[in-house]
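In: kindly return the folded structure for what I paste below:
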Amino acid sequence: REDRPMGVAVRRYFQTPRHDDEYMEAWLELWDGQRLLPGYGWVFPVGDGTSNVGLGLLNTSKAFQNVDYRGMLKGWCSQMPEEWQFDEDHATGPIRGAALPMGFNRQPHYTRGMLLVGDAGGMINPFNGEGIDYALESGHLAAEVMVQALARRTPAQRERTLYEYPRILKDEHGGYFTLARLFVQAIGDPRVMKFLTAHGLPHPTLMRFTLKLLANLTDRRGGDAMDRVINAMQKVAPAA
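Out: A predicted model of the protein is given here:
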């Protein structure tokens, strides 16, 4: 689906005293020279003496095709405090990268006896580039649907059961991925990205709301006002 976002992520592991930080860290401003790009950088403590350090970018920016991702990661790490040890001497391996298929950009999720799960079905969250949760969830759902289908008596009944898989996926995540698609299209404009970073980051309440939205951390029942607003937005958004 060319109308759905794609991303690219690159990462490297470093031996660092930050390996046992209590929190993972996200940097919401990524600059390539004078260009502010849609994406974020991260420092994920692993707890074994290393941290996963990387960055991810979206294809909604005109600069997407012209970015040297590995060079950008090296330049970004070189700006970090020296004591963090994000340098060649403390790297445990090479820079690795991969494409991030997002927002259900690979469909159909079921056809002719084949069900797509995880990255194969474009189930990475466009808001934050996270895909492990959706891969596990869709794999569990696909297994349940297949077991139910195999219990049916006729081929027609089995087919009807298998076609429930994409419907359930869209009911569960379709509205949220639509909101995410609109968001990443907006931040592909450098002017929007500059406005959001300049006026959004300094406001704790707005950032708490943004974190809940971007990380899909709302409570479906009994949540606070922020949860109710985000859940209502998902319900009214057309399924991706």
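
In: use CA for all of it now, contacts and neighbours both
Out: Fine.

In: relative to residue 123, how far out is residue 31?
Out: Residue 31 sits 27 Å away from residue 123, going by CA to CA, to the nearest Å.

In: and the longest helix for the chain?
Out: Looking across the chain with DSSP state H, the single longest helix is helix 132-150.

In: show me what that helix is in contact with.
Out: When contacts are defined by CA atoms under 8 Å, 6 or more residues apart in numbering, helix 132-150 is touched by residues 115, 117-119, 123-124, 157-159, 161-162, 164-165, 169.

In: next step: these restricted to strands.
Out: residue 115 (DSSP state E).

In: just name the closest of the contacts of helix 132-150 to residue 56, please.
Out: residue 124 (12.3 Å; CA to CA).

In: my guess is the closest one contacts residue 131, does it?
Out: Yes - using CA atoms under 8 Å, residue 124 is in contact with residue 131, at 4.3 Å.

In: the more surrounded of the two?
Out: Between residue 124 and residue 131, counted using other CA atoms under 10 Å, the more crowded position is residue 124 (27 against 19).

In: who does the more buried one form a beta bridge with?
Out: For residue 124, the beta-bridge partners are residue 102 (DSSP bridges).

In: ok, it - contacts?
Out: Per CA under 8 Å, 6+ apart, neighbours of residue 124: 100-104, 118, 130-132, 134.

In: mind checking how far residue 142 is from residue 100?
Out: 21 Å.

In: nope, residue 60 is what I meant
Out: Distance from residue 60 to residue 100, by CA to CA: 13 Å.

In: tell me which of those two has more neighbours.
Out: residue 100 (23 against 20).

In: thought that one was touching residue 10?
Out: No - look at residue 100 against residue 10 with CA under 8 Å: they stay out of range, at 10.5 Å.

In: give me the neighbour count for residue 168.
Out: Other residues close to residue 168 by other CA under 10 Å number 13.

In: one more: residue 188?
Out: The local packing of residue 188 (other CA under 10 Å) involves 22 other residues.

In: what residues are up against it?
Out: Going by CA under 8 Å, 6+ apart, residue 188 touches 37-38, 58-62.
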